[in-house]
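# show me the folded form of this:
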Amino acid sequence: MNPSDQMQLLITGFRVSQAVHTAAELRLSDVLADQPMTVGDLANAAACDPGALHRLLRALASLGVYEELPDGRFASTALGDQLRSDVPGSQHAFATFVGRPYWWQAWSALSYSIRTGRNAFQFVHGRDDWQYRAEHPEESATFDRELGAVGIARIDMYAPTTPDERLARLVPASRGFVYCVSLTGVTGARRALGPDVAAFVARVRRHTALPIVLGFGISEPAHVSALRGLVDGVAIGSAAIDAVTAASDKPAALRGFVRGLVEAGRS
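Numbers count the residues shown, from 1 in each chain. Below is the predicted model of the structure:
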C-alpha cells in the first residue's frame, strides 16, 4: 500500500469505528450467533432498514467482521464474535460505549485541547464526563456495562451536601459499595468527624442495601470506633501516608497503623 492510500485509511478510520459501534448497538453478532442469515431476516431481527443494513454488512465483511456467503447470507467470523455480548472477553460493551454521540462530540474538539491544554469534553459539554453521565442515566448505564465487561465497578462519591433527589436517583444504581465522604472540601486527616455523618449515612441507607464506606477525614482509631455499626468500612489515605512518611521501617509502620484501626473496628 502506498503512503497516500495508507493515509486515506487513517483519515477515514472514524467510519470503521462507527460501523463497528453500530453493529454492536444492533447486536448483529448476537443475532448471527447460531447460523448465517439473509439480509431480510437479519433486518427483521434487528429492526432496521434492509438496504442500509446490507451496505453496513458488506462494509464490515470487507474488514473481516462478517462473511458474505455465496448464497447472499451473512455469517459471523471469529472477529465478529468479539461483538457478541455472551462470550468471554467480549468487546460488545466497549464498542457500544465508544460510539456514543456525546463521546464522539468531545473527540471532535481534540484540536482545541491540543492548542489550549484544556479539557475537550468540558469545552464541548460544559461539564466533565463524570458529571455528564450522572445527569444522563442512559449514558451512565452504557459506561457501567463497558466497565463491567472487564470486571470493574464504578464507585461514585456522595457528600453530606448531596441533595436527597440526587441520592434517590443515583444511589440505587451503585455497584460494589457506596462511597460516602464525611465532610465537604478536600481530603486529608482531620481531628474530628463532621457532626452530620450519622444523619447523612442514614439518608444514603434509605436507597441501597450495598455496603457503605466512609472516607475523607478519617485518621485515627477513635474515628473508626465511633463509626462502628454506622458504616461497613472506611477509606483512609492521607493518614496512612502520614503514618509511614517519617518511619524508618515503613511496612512495619503501616501494619501497625492498620492493626490499630482494625482493632478499633472490632472492639
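
# please report phi then psi for Val64.
Just so we're on the same page, residue 64 is Gly rather than Val. Recorded main-chain torsions at Gly64 are phi 90, psi 10, according to degrees, to the nearest 10.

# touching, it and Leu79? I think so.
Yes - the pair Gly64 and Leu79 qualifies as a contact (Cβ atoms under 8 Å) at a distance of 5.1 Å. The C-beta positions use only the backbone N, C-alpha and C, and glycine is treated the same way.

# neighbour-wise, which of these two wins?
More neighbours surround Leu79 than the other of Gly64 and Leu79, with 16 against 11 (other Cβ atoms under 10 Å).

# and the more buried one, its phi and psi?
The phi and psi values for Leu79, taken as degrees, to the nearest 10, are phi -70, psi -40.

# so it touches Val65, yeah?
Yes - with the criterion set as Cβ under 8 Å, Leu79 and Val65 qualify as a contacting pair; they are 5.4 Å apart.

# list the buried residues in the strand or helix carrying Gln18.
Assigned by DSSP states H and E, Gln18 falls within helix 13-25. Within helix 13-25, the residues that qualify as buried by neighbour count (16 or more other Cβ atoms under 10 Å) are 19-25.

# who are the packing partners of that helix?
Secondary structure elements in contact with helix 13-25, counted by 3 or more Cβ pairs under 8 Å, 6 or more residues apart in numbering; DSSP states H and E, are helix 50-62, helix 92-98.

# can you give me the mean pLDDT across the helix ranked longest in the chain?
Secondary structure of the chain per DSSP state H: the longest helix is helix 250-266. The average pLDDT within helix 250-266 is 91.

# and stretch 237-245, by the same measure?
Averaging the model's pLDDT scores along stretch 237-245 yields 90.

# work out the gap between that stretch and the centre of the chain.
Its chain's C-alpha centre lies 29 Å from the corresponding centre of stretch 237-245 when counted by Cα atoms, centre = their mean, to the nearest Å.

# use 46 as the first number for this chain going forward.
Sure, I'll start counting at 46 from here, so that last one is stretch 282-290.

# just the buried residues of the longest helix of the chain, please?
In helix 295-311, residues buried by neighbour count (16+ other Cβ under 10 Å) are 298, 302, 306, 309-310.

# can you redo those residues as CSV with distance to Thr141?
Written out in CSV, the entries for these read as follows (distance: Cβ to Cβ, whole Å):
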residue, distance to Thr141
Ala298, 46
Phe302, 43
Leu306, 41
Ala309, 45
Gly310, 41
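
# the inter-axis angle of the helix holding Gln63 versus helix 95-107?
Per axes from the mean of the first three to the mean of the last three Cα atoms, to 10 degrees, the angle that helix 58-70 makes with helix 95-107 is 110 degrees.

# avg pLDDT for helix 58-70?
When pLDDT is averaged along helix 58-70, the result is 96.

# which parts of the helix or strand in which Val269 is found are buried?
Using DSSP H and E, Val269 falls within helix 266-272. Of the residues in helix 266-272, those with enough neighbours to count as buried (16+ other Cβ under 10 Å) are 266, 268-269, 271-272.

# ok, residues contacting it?
For helix 266-272, the surrounding residues in contact (Cβ atoms under 8 Å, 6 or more residues apart in numbering) are 238, 242, 259, 262-263, 279, 305-306, 308-310, 312.
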